[in-house]
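[1] need the 3D shape of this:
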Amino acid sequence: MSEKTSSWKRTCFSVEITKESLGKTVTLAGWVQKRRDHGGVIFVDLRDRKGIVQVVFNPDSGGDVMKCAHDLRSEYVISVTGTVGLRPEGTLNPALKTGEIEVTASSLTVLNACAPLPFVVEDDTDVSEELRLKYRYLDLRRPSLRSNLVLRHRVAQVARNFLSDEGFIEVETPMLTKSTPEGARDFLVPSRLNGGDFYALPQSPQLFKQILMIAGLEKYFQVVRCFRDEDLRADRQPEFTQIDAEMSFVESDDVIAVMESLVEALFKEAGISATAPFNRLTYDEAISRFGLDAPDTRFAMELVDVGSIVAGSGFKVFAAVVAGGGVVKTIRVPGGAKLSRKDIDELTAVAATYGAKGLAWVKFTPDGWQSPIAKFLSDSEKSAIATVTGAGEGDLLLFVADSLDVAATALGRLRLFIGKKLEIIPEDTFNFVWVTDFPMFGYDETAKRFTAVHHPFTSPLDEDLPLLETEPMKVRSKAYDLVLNGVEIGGGSIRIHDPGVQSRIFTLLGISEEEAGQRFGFLLEALKYGTPPHGGIAFGLDRILAIMTGAESIRDVIAFPKTQKAVCLMTEAPSRVDNAQLQELSLRGLRKKD
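    Next comes the predicted model:
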């Protein structure tokens, strides 16, 4: 004997009702989006996970049904049984997939009432993000956020299916692991069974995926949660998701080729064209032309070096910087001569936040150069600058004279600021570019030591190996980042598989054999046992989805995000725990003083 089906059980979703359903009886279940009383006839927009359909209650529905419908309010959970019909002429709603039809109710069941709402559950609701995050379960009912989560699911499925078809094996790596501080702080987890000892939540599966290559899996991937205890911005979260992959017996081009095909598939799922092969820039080219290692290539305004032109000029600021080994770089702002002095002061302030000591400018007007520095430059110098920059009447040139790092960064950031302010950056354009050949090392002036730009397991370019001990700052790495519209969406490298090279890198970084053993001992031991050449990449799934959906923050593509202070307003985490729990963990609670 079969069980009796509850009368409120849904027979179909709203969007599954079409003209072919006319005259049929259906049962719908969902939430009341809106209720409208038109003097004896009540209209309810019923919303389920897939869409909205209009339900009509009229006197034919019955007195009890009408009374119940009259009491409905926003976000009540209801089940409605009724007959599918066409909407009357002139009442169609082209904005809805179900805008041509309606359901005339014959029965109504209120499955749950709803308390007074803290905000209206609509996409256009004007409410603070703090309130939205506190009532996240209501916020997620909004169509835009719900569609973001649906897209997230679909993109993750595409990634899994694509990589599986390419022969990759999905392997879960530990969430409780060893602390290996590199850059960002680790989240630490105390061990009850080993009092005084701590696990760390992984910043990435980096060491484990290398171990899997040593283990002979050859192709690994996972869609993985990662954790970093760092100060947050709009595009950062303490816990985030990566599409992580590693391959054996490969070089950079092999990894890039497979991952370009993956990216094509991911963006195709979102209805966005991403046609491989993508453009490539070396790190040096990116810095020289765009000022940043994550360049936005959707618009021009590239940096131009005019140091050779002004090296002997009468403008002493420029001449002195060049003589001291610095650079003089400029960008041309098309039509920028219309900017006011107040606008230029604003640009000067922006450049200053990135270390620039000043911002020289030139307006190209019908009367010639308009600029405080014009009188210090000869006609030949002016002509040469105009030629190399392509500047003409109506344009504005902005100059920064400083070290390469400061000049490039200040003008690179200023370029983006101006692009947005003057609406130069084209919308609905997706420009992918690989940035390759990153510097292997940076230098920490405070600690007076070399640092790894990516991580200490990144392989140097073969031709640069002889420079390790003699000119380390000239050594380039086999690292590569994929940049989309000025945002790094993925990064990786070919790893070091030779224990001898790894030892040389540790020595250069000032990591002693004892310290290396304490921090990375299990990997270093594994490298001795027949390690294949290998490399990989990790894509930031949250960032990719934010770009796909046009979200202003990655919080809008994460189900339960945290604030910029790493707080979950809904659950009120993090929170205090009682002393008994701390004692079990061999810990004592300390509260920071204000």
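[2] give me the domain ranges for this structure.
    Domain assignment of the chain by automatic domain parsing yields the ranges 14-112, 146-282+433-558, 299-425.
[3] starting at the chain centroid, how far to the longest one?
    If I follow you right, that is domain 146-282+433-558. Put simply, domain 146-282+433-558 sits 15 Å off its chain's centre (C-alpha atoms, centre = their mean, to the nearest Å).
[4] residues contacting residue 172?
    Contact analysis of residue 172 by C-beta atoms under 8 Å, 6 or more residues apart in numbering lists 222, 224. Backbone N, C-alpha and C define where each C-beta goes, glycine included.
[5] can you start the count at 31 instead of 1 from here on
    Sure, I'll start counting at 31 from here, so that last one is residue 202.
[6] in terms of pLDDT, where does it sit?
    Listed pLDDT for residue 202 reads 97.
[7] go on, residue 616?
    Looking at residue 616, the pLDDT reads 87.
[8] from memory it sits against residue 220, does it?
    Yes: counting by C-beta atoms under 8 Å, residue 220 is a contact partner of residue 616 at 7.2 Å.
[9] which one's more surrounded, those two?
    Applying other C-beta atoms under 10 Å to residue 616 and residue 220 shows that residue 220 carries more neighbours, namely 16 against 13.
[10] right, and that one touches residue 228 too?
    Yes: using C-beta under 8 Å, residue 220 makes contact with residue 228 at a distance of 5.6 Å.
[11] which stretches in the stretch 281-430 of the chain count as helices?
    Per DSSP state H, counting those that start in this stretch, the stretch 281-430 of the chain carries helices over the ranges 282-299, 313-320, 337-340, 346-353, 371-383, 409-419.
[12] what sits up against the shortest one?
    Read it as helix 337-340. Contacts for helix 337-340 (C-beta under 8 Å, 6+ apart): 348-349, 351-352, 356-359, 407, 411, 414-415, 418.
[13] pull out the buried members of those.
    Buried members of those, counted by 16 or more other C-beta atoms under 10 Å: 348-349, 351-352, 356-359, 407, 411, 414-415.
[14] out of the residues you listed, who's nearest residue 107?
    Closest approach to residue 107 among those (C-beta to C-beta): residue 359, at 61.2 Å.
[15] so where do the helices sit in the stretch 431-580 of the chain?
    434-451, 529-538, 543-556, 571-579.
[16] over to the stretch 81-230 of the chain?
    Along the stretch 81-230 of the chain, counting by DSSP H, counting those that start in this stretch, helices occupy 93-100, 159-164, 166-169, 173-195.
[17] okay, those helices in a markdown table with mean pLDDT, mean neighbour count and distance to residue 480 next?
    Putting these into a markdown table (pLDDT from 0 to 100; neighbours: other C-beta atoms under 10 Å; distance: least, C-beta to C-beta, whole Å) gives the following:
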| stretch | mean pLDDT | mean neighbour count | distance to residue 480 |
| --- | --- | --- | --- |
| helix 93-100 | 91 | 16 | 73 |
| helix 159-164 | 95 | 16 | 41 |
| helix 166-169 | 96 | 17 | 44 |
| helix 173-195 | 97 | 16 | 35 |
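[18] what residues sit buried inside the lowest-mean-pLDDT helix or strand in the chain?
    Every helix and strand of the chain was ranked by mean pLDDT, DSSP states H and E. The lowest is helix 543-556, at a mean of 85. Going by neighbour count (16+ other C-beta under 10 Å), the buried part of helix 543-556 is 546, 549-550, 553-554, 556.
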